[in-house]
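In: When you get a sec, could you give me coordinates for this:
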Amino acid sequence: MRSATLDRDQSSLAKLHYYCSSGGNAGIACATAARALGYPATVVIPLSTSSFMANRIRQLGATVHQVGANWFDADRYLKESLLSKDPNGFYVPPFDNPIIWEGASSMLEEVYEQMEDEGGFDGVVCSVGGGSLLTGIMTAIERNHAPSPRRPQPPRILAVETRGAESLNASLREGKHVSLPEITSIATSLGIVRVASRAFEFAQESNVTSLVLSDAEAAMGSVRFAEDEDLLIEVSCGVSLAAVYNGELRKAMGSDMSDEDWRERKIVVAVCGGSDVTPGLLEQYRQKYSAEGANVMTRGTEDLASIGSLVSRRCSVGVDVLNEKEESIFNQRIYEVSC
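Out: Below you'll find the model as predicted:
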C-alpha cells in the first residue's frame with residue numbers, strides 16, 4: 001500500500017482511496033495501513049464474516065460492506081460496484097499478489113535467522129486459505145535452503161485446511177486448478193473458493209503435504225492452544241495446531257521414524273490469526289465440538305471465559321519464536337511462531 005501511495009502523482013495522491021475484499025483479517029490489515037497512511041479505506045466482507053470482525057474493521061475507520069456468500073462474491077461486488085466507479089480507487093489484494101507473498105516470506109526469513117545456530121529446522125505447518133502464507137513460506141525456503149549432511153532436502157511443509165474450505169486440496173485431488181462450489185467451514189478466514197495459482201503450483205512440489213481436518217478439530221485446536229499457552233487464536237489457525245495435537249503431523253513427516261529420531265525433528269508451526277476470537281467463543285467451541293474433536297486431546301473442563309489469566313495477545317509485526325515444546329503429546333520439538 002505504501003508503494004501504491006509513492007507511485008501516485010500529487011494530484012491523485014490527495015484523493016487516493018483503498019479498496020479490499022476479505023474474509024476479515026486482510027480487511028483489518030488494509031484498514032490499519034490506510035489509517036496509518038492517512039487515507040480512507042473500504043472493505044467488503046462476505047455475509048459469513050462475523051459481526052465481531054466487521055465491527056473491528058469499522059473501529060479502524062474503514063467503510064464496511066457485507067455482501068455475498070463468500071469472498072469471491074464479495075470481491076466481485078467490490079470490483080464491479082465500487083472500485084469501477086472510483087477513479088482514485090486502489091485495489092488491495094488480500095492474498096493473490098507477489099507483494100503479499102514477499103511479506104509472508106519475511107516470517108520464515110526471520111525463522112531461518114533465529115534458528116541458524118541450531119542448524120535450521122525440518123518442517124513447517126501452516127494453514128491455507130488463499131495461499132499467500134504457503135507461497136511466502138515456499139519462496140523463503142527456495143531462497144534460504146542450503147543442503148547439508150543433516151538436512152539434504154528442503155524442510156517438509158504440512159499445508160492444512162478445514163473441510164468445507166479446502167480449495168487447495170480439491171485442486172490437488174483433481175489434478176488441476178479448480179474452485180469450490182461454496183464455503184461451508186466455520187473458518188471464514190480460510191474461506192476462499194479458489195486458491196492462488198502460485199500456491200497450487202508450490203503445493204505440487206514433493207516436500208508439500210496437503211491435509212484437511214474438520215471444523216471440530218480446528219475449533220478444539222484453538223481451545224487446546226489457549227489452555228497450553230494462554231493465547232487466543234481463531235479456528236483458521238487452530239487447524240494447524242490440531243494437526244500437531246492429533247498426530248497427523250507425525251503421520252505426514254515422521255511415520256517412518258523411530259520415536260527417538262522423531263524427537264530430534266524441529267518443526268515450526270505458524271501461529272497467526274487472533275482477530276476473530278474471544279474467550280467466550282472458545283467456550284462455545286468446547287461445548288459444541290468437544291466430543292467430535294476429542295482427538296486433539298484437550299484437558300480440563302474450566303470455563304475459558306472465567307479464566308482471568310487468559311489474555312489475547314494480538315499478532316505483532318515481526319516474528320518471535322515463542323518457545324520450544326518437548327512434551328509427550330508432541331513427542332518432537334515444536335517451535336511456535338507468532339506472525
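
In: Next, the contact list for the spatially most central residue of the chain, please.
Out: Centroid-nearest residue in the chain, with C-alpha atoms, centre = their mean: Ser127, separated by 5.0 Å. By C-beta atoms under 8 Å, 6 or more residues apart in numbering, the residues touching Ser127 are 133, 159-161, 187, 190, 236-237, 239-240, 270, 273. Placement of C-beta: from N, CA and C, glycine included.

In: partners of it in the sheet?
Out: Beta-bridge partners recorded for Ser127 (DSSP bridges): Val160.

In: thinking again about what came up before, narrow the contacts of Ser127 to those in strands?
Out: Applying DSSP state E to these, the entries found in strands are 159-161, 270.

In: I'd like to know which of those residues is nearest to Arg173.
Out: Glu161 (11.8 Å; C-beta to C-beta).

In: quick revisit: most neighbours, which of the ones in strands among the contacts of Ser127?
Out: Counting neighbours by other C-beta atoms under 10 Å, Val160 comes out on top of the ones in strands among the contacts of Ser127 with 36 neighbours.

In: Check the gap between that one and Ala31 for me.
Out: Distance from Val160 to Ala31, counting by C-beta to C-beta, to the nearest Å: 27 Å.

In: Out of the ones in strands among the contacts of Ser127, which is nearest to Phe225?
Out: After measuring the ones in strands among the contacts of Ser127 against Phe225 - C-beta to C-beta - the closest member comes out as Ala270, at 12.7 Å.

In: Spell out, range by range, the helices that occur in the protein.
Out: Here the chain has its helices, by DSSP state H, at 2-7, 10-13, 25-37, 51-59, 71-77, 98-114, 132-144, 167-174, 197-203, 215-229, 235-245, 248-253, 259-263, 279-289.

In: As a markdown table, those with mean neighbour count and mean pLDDT would be great.
Out: Formatted as a markdown table, the helices of the chain follow (neighbours: other C-beta atoms under 10 Å; pLDDT from 0 to 100):
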| stretch | mean neighbour count | mean pLDDT |
| --- | --- | --- |
| helix 2-7 | 11 | 55 |
| helix 10-13 | 10 | 58 |
| helix 25-37 | 21 | 93 |
| helix 51-59 | 16 | 93 |
| helix 71-77 | 22 | 94 |
| helix 98-114 | 18 | 91 |
| helix 132-144 | 23 | 95 |
| helix 167-174 | 20 | 98 |
| helix 197-203 | 20 | 97 |
| helix 215-229 | 25 | 93 |
| helix 235-245 | 30 | 94 |
| helix 248-253 | 21 | 94 |
| helix 259-263 | 12 | 90 |
| helix 279-289 | 19 | 91 |
